[in-house]
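Chemist: sequence unknown, structure follows:
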């Protein structure tokens, strides 16, 4: 039997406790407002996706200019 608020009959995957703690921290950071916590997480995710996109463009540009060597194994 699993502990915690989960209603699933499957065992908890590793890292669940850390995930639950992160969820609690995100909600607490937004004063307990679940909608504000979700909004903040969506905005943070959007920001990170944009950062990844910009980094991928920069690396691709540098690769085309010959600043990176391809791995030949």
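Modeler: Alright, I've got the coordinates. Note that the coordinates shown come from a computational prediction; the quantities given were computed from them, not determined experimentally.

Chemist: which parts of the longest helix seen in the chain are buried?
Modeler: Ranked by residue count, the top helix of the chain under DSSP state H comes out as helix 34-64. The neighbour-count check on helix 34-64 (16 or more other Cβ atoms under 10 Å) flags residue 37 as buried. In short, each C-beta sits where N, CA and C put it, glycine included.

Chemist: That helix packs against which elements?
Modeler: With contacts defined as 3 or more Cβ pairs under 8 Å, 6 or more residues apart in numbering; DSSP states H and E, helix 34-64 has these neighbours: helix 16-29.

Chemist: chain center to the helix it packs on, what's the gap?
Modeler: 13 Å (Cα atoms, centre = their mean, to the nearest Å).

Chemist: which helices and strands does that helix pack with?
Modeler: Counting contacts by 3+ Cβ pairs under 8 Å, 6+ apart, helix 16-29 is packed against helix 34-64.

Chemist: Report the angle between the helix it packs on and helix 16-29.
Modeler: 110 degrees (axes from the mean of the first three to the mean of the last three Cα atoms, to 10 degrees).

Chemist: So for helix 34-64, mean pLDDT?
Modeler: The average pLDDT for helix 34-64 rounds to 91.

Chemist: Show me the residue at the heart of the chain, geometrically.
Modeler: Nearest to the geometric centre of the chain sits residue 45, at 6.8 Å (Cα atoms, centre = their mean).

Chemist: what sits against the nearest residue to residue 36 once chain neighbours are set aside?
Modeler: Among residues not flanking residue 36 along the chain, residue 30 sits closest, at 3.9 Å (Cβ to Cβ, 6 or more residues apart in numbering). Counting by Cβ atoms under 8 Å, 6 or more residues apart in numbering, residue 30 touches 36, 37, 40.
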